[in-house]
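Chemist: I would like the atomic coordinates for the input below:
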Amino acid sequence: MLTAFFLEATFLGVMLFGWNRVGRKLHFVATLAVAIGTTISAFWILSANSWMQTPTGYAIDPDTGKFYATDWMQVVFNPSFPSRFVHMLLAAYITTAAVVLAASAWQLLRNRGSEPGRWQMRMAALTLALVMPVQIWAGHWSGEVAHHYQPAKIASVEGWCETKEVQATVLVAWPDKSDCGLFAIEVPGTSPYLFASVPEGEALKGLDAFAKDELPPLWITFWSFRIMVGAGLALLGLGLAGLFLWWRGTLDKPGIYHWAAVPGGALGFVAVITGWVVAEVGRQPYTVYGVLRTADSVSPVSAAQVATSLLVFMIVYAIIFTAGIVYMARIATRGFGPDDDPHAGESKRASGSPMAAVEEPAEMPEDIVAAGKGA
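Modeler: Next comes the predicted model:
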């Protein structure tokens with residue numbers, strides 16, 4: 001994690017602030033270093049979190065009650081880690097592609113289109129169209145693993161009220177007094193296809209198979225999952241529609257697609273956040289699934305201490321997050337080359353400051369400029 005942090009922190013500055021200040025090769029290397037650093041971070045974060053979902057390779061000291069590792073390979077490569085790591089990495093790539101597509105569409109709508117901008121739009125649409133089907137498969141893989149180790153989570157996610165041999169796919173539902181589905185739109189008889197690994201004749205556990213104190217909050221997990229899936233399908237639609245317009249030769253012409261792509265840039269974040277809600281709320285009431293309850297792992301600190309630290313974190317992160325969003329939004333929307341913006345280079349900020357640097361249009365390599373003029 002420390003290596004990943006230094007890779008990200010060091011080279012992120014070169015990537016963001018060094019566009020026109022370092023050579024193209026160094027900038028590319030810095031970008032790769034940031035990608036490698038974030039991948040390493042994702043590896044260890046997902047490994048630790050997945051262990052809490054499917055704990056293996058550990059023992060508990062009978063005197064102190066503390067966990068200790070007996071097999072680090074089992075701890076790191078626990079049963080749910082491979083599927084969740086793949087699922088999260090693909091989610092990061094898809095989210096990035098959605099933001100790139102949104103930025104490209106916005107540049108085109110604001111008459112700041114350029115040859116690099118057009119190509120980044122094509123590559124973003126292609127990425128969404130190709131990676132989203134793989135992501136759907138990875139999500140299904142992760143769901144099958146969760147069903148094996150965390151059946152209560154899947155019962156909540158799927159909205160299965162009763163234990164049955166064949167379950168339906170519940171599209172939408174509304175709770176009744178028993179806290180399960182009163183009104184539901186569902187597709188019956190789909191579980192043999194969605195959970196093909198379940199042996200024939202084995203019943204799929206519904207919410208009635210678990211004690212109430214063993215169940216996660218039903219409607220948070222149920223609807224978060226559907227929002228995640230809906231956002232993912234919308235991104236797939238943007239990718240396929242983009243490929244169709246590219247094939248038709250109209251992707252570079254502003255239209256309804258581009259107006260849809262701009263807000264579509266937020267869909268990846270929506271899917272990632274709701275996916276994490278499903279994962280973390282879905283493992284309740286446990287911190288370490290099946291072993292340590294959340295109520296038993298609360299730190300022995302006062303409410304005032306928690307409130308104070310939370311407030312400080314909120315203020316600090318609000319400042320950092322807002323500054324980062326503003327900075328990256330300006331990078332994403334500024335376009336390429338001075339001809340794209342009549343006010344390019346007219347900075348009202350101090351020369352050499354980060355915000356002044358972001359207002360400098362990105363330089364286009366001469367080979368791309370030549371290709372654009374010849375197109």
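
Chemist: in what helix or strand does the spatially most central residue of the chain lie?
Modeler: Geometric centre of the chain, nearest residue: residue 272, 3.0 Å, by C-alpha atoms, centre = their mean. Following DSSP states H and E, one finds residue 272 within helix 267-282.

Chemist: tell me which strands and helices that helix is in contact with?
Modeler: Applying 3 or more C-beta pairs under 8 Å, 6 or more residues apart in numbering; DSSP states H and E, we find helix 267-282 packed against helix 81-109, helix 151-158, helix 218-248. C-beta here means a position set from N, CA and C on the backbone, and glycine is covered the same way.

Chemist: Which of the residues in it are classified as buried?
Modeler: 267-268, 270-272, 274-279, 281-282 (16 or more other C-beta atoms under 10 Å).

Chemist: between those, which is closest to residue 172?
Modeler: Of all these, residue 172 sits closest to residue 274, with 15.3 Å by C-beta to C-beta.

Chemist: For that closest one, give me its contacts.
Modeler: For residue 274, the contacting residues are 224, 225, 227, 228, 231, by C-beta atoms under 8 Å, 6 or more residues apart in numbering.

Chemist: Out of these, flag the one nearest to residue 188.
Modeler: Nearest to residue 188 among the contacts of residue 274 is residue 225, at 19.1 Å by C-beta to C-beta.

Chemist: quick one, what contacts the residue nearest to the centre of the chain?
Modeler: Per C-beta under 8 Å, 6+ apart, neighbours of residue 272: 91, 92, 95.

Chemist: Name the single longest helix found in this structure.
Modeler: helix 115-149 (DSSP state H).

Chemist: and the angle from it to helix 81-109?
Modeler: 150 degrees (axes from the mean of the first three to the mean of the last three C-alpha atoms, to 10 degrees).

Chemist: in helix 115-149, what's buried?
Modeler: Buried residues in helix 115-149 (16+ other C-beta under 10 Å): 115-118, 120-122, 124-125, 127-129, 131-132, 135, 138-139, 142-147, 149.

Chemist: same check, this time on stretch 221-239
Modeler: Buried residues in stretch 221-239 (16+ other C-beta under 10 Å): 221-229, 231-232, 234-236, 238-239.

Chemist: average pLDDT across it?
Modeler: The predicted model gives stretch 221-239 an average pLDDT of 94.

Chemist: domain ranges for this structure?
Modeler: 1-79, 84-297 (automatic domain parsing).

Chemist: Make TSV out of the contacts of residue 272 and add pLDDT.
Modeler: Listed next are the contacts of residue 272 as TSV, based on pLDDT from 0 to 100:
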residue	pLDDT
91	95
92	94
95	95
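
Chemist: Out of those, which is nearest to residue 201?
Modeler: Nearest to residue 201 among the contacts of residue 272, with distances taken as C-beta to C-beta, is residue 91, at 35.2 Å.

Chemist: Hmm, residue 135 and the closest one touching each other?
Modeler: Yes: with contact defined as C-beta atoms under 8 Å, residue 91 reaches residue 135; the gap is 6.8 Å.

Chemist: Next, format the buried residues of helix 267-282 as TSV and append pLDDT and distance to residue 167.
Modeler: Below are these laid out as TSV (pLDDT from 0 to 100; distance: C-beta to C-beta, whole Å):
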residue	pLDDT	distance to residue 167
267	95	28
268	94	30
270	96	27
271	95	24
272	95	27
274	96	22
275	95	22
276	94	25
277	95	23
278	95	18
279	94	21
281	94	21
282	92	17
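
Chemist: Now render those as CSV, adding distance to residue 210.
Modeler: Formatted as CSV, the buried residues of helix 267-282 follow (distance: C-beta to C-beta, whole Å):
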residue, distance to residue 210
267, 33
268, 33
270, 29
271, 28
272, 28
274, 23
275, 23
276, 23
277, 20
278, 17
279, 18
281, 15
282, 13
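
Chemist: out of the helices and strands packed on helix 267-282, which comes closest to residue 188?
Modeler: Closest of the helices and strands packed on helix 267-282 to residue 188 is helix 151-158, at 12.9 Å (criterion: C-beta to C-beta).

Chemist: what does that closest one contact?
Modeler: 143, 146-147, 160, 167, 169-170, 205-207, 209-210, 214-218, 221-222, 225, 278, 282-283.

Chemist: could you point out which element follows it?
Modeler: strand 169-175.

Chemist: Tell me which other helices or strands that following strand touches.
Modeler: Using 3+ C-beta pairs under 8 Å, 6+ apart, strand 169-175 sits against strand 181-187, helix 218-248.

Chemist: Pick the most deeply packed of the domains of the chain.
Modeler: Per residue and on average, the most neighbours among those fall to domain 84-297, with a mean of 18 (mean count of other C-beta atoms under 10 Å).

Chemist: surely residue 85 meets residue 42?
Modeler: Yes: using C-beta under 8 Å, residue 85 is in contact with residue 42, at 6.9 Å.

Chemist: From residue 195, how far off is residue 140?
Modeler: 9 Å (C-beta to C-beta, to the nearest Å).

Chemist: try residue 7
Modeler: Where residue 195 is concerned, residue 7 sits at a distance of 39 Å (C-beta to C-beta).

Chemist: closest to residue 305 out of the domains of the chain?
Modeler: Closest among those, using C-beta to C-beta: domain 84-297, at 16.8 Å.

Chemist: Any stretches of the protein with poor pLDDT?
Modeler: 1, 113, 176-179, 181, 334-375 (pLDDT under 70).

Chemist: and if we set it to 80?
Modeler: Scanning the chain for pLDDT under 80 picks out 1-10, 13, 16-22, 111-117, 175-183, 196-197, 199-202, 299, 324, 327-375.
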